[in-house]
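> Sequence plus the predicted model coming up.
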Amino acid sequence: MSLTDLCTRNPVTIAADASLVEAAQAMRARHVGLLVVTADGSGGPPLGVLTDRDIVVEVVSEGVDPTTVSVADAMTREPLLVAVDSTPEQVLGQLRAFGVRRAPVVNAAGLLVGVIALDDLLDWLADAIGSAAATVRHEQQVERALRA
């Protein structure tokens, strides 16, 4: 299965020079906890990521006025970028190694394709387990029919 089948296509992006207030408003409006930061807020190469946790832990909890901070100031630079041709198993390992739950997915040119989340991979895994269980049940049905 391709990551393009699993990931969220058309992820929410934001420009590096946007304010944290704009970022928080975008997160709320689009019901996401991660924004992919690009130079102009389009689907270009990711410069970083900004999470709701970044805003709370790095800015608000430190007593910094969020209206004075740009996305570039608070974002995670050099985030994990997952290649679109990675397998789900590879992505699970990468997420674990980086200690993150979400990552931008990029094509061979480094352009943004989507965002993969641990939730997406858990859904894939649940489907795979369900398919394996169905195979066992079907095998048992076939065997009973053959031996009847």
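Great, that's in hand.
> Which positions within the helix or strand of the chain with the lowest mean pLDDT qualify as buried?
Taking mean pLDDT, DSSP states H and E as the measure, the chain has helix 118-147 as its least confident helix or strand, at a mean of 82. Under the neighbour-count criterion of 16 or more other Cβ atoms under 10 Å, helix 118-147 has Asp120, Leu121, Trp124 buried. Glycine gets a C-beta too; all of them are placed from N, C-alpha and C.
> got TSV for the residues you listed, with distance to Leu6 too?
Shown next, in TSV, are the buried residues of helix 118-147 (distance: Cβ to Cβ, whole Å):
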residue	distance to Leu6
Asp120	5
Leu121	7
Trp124	6
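> And the helices in the protein?
Per DSSP state H, the chain carries helices over the ranges 3-6, 20-30, 52-53, 71-74, 88-98, 118-147.
> Select, out of those helices, the one closest to Ala39.
Nearest to Ala39, of all these, is helix 71-74, at 10.0 Å by Cβ to Cβ.
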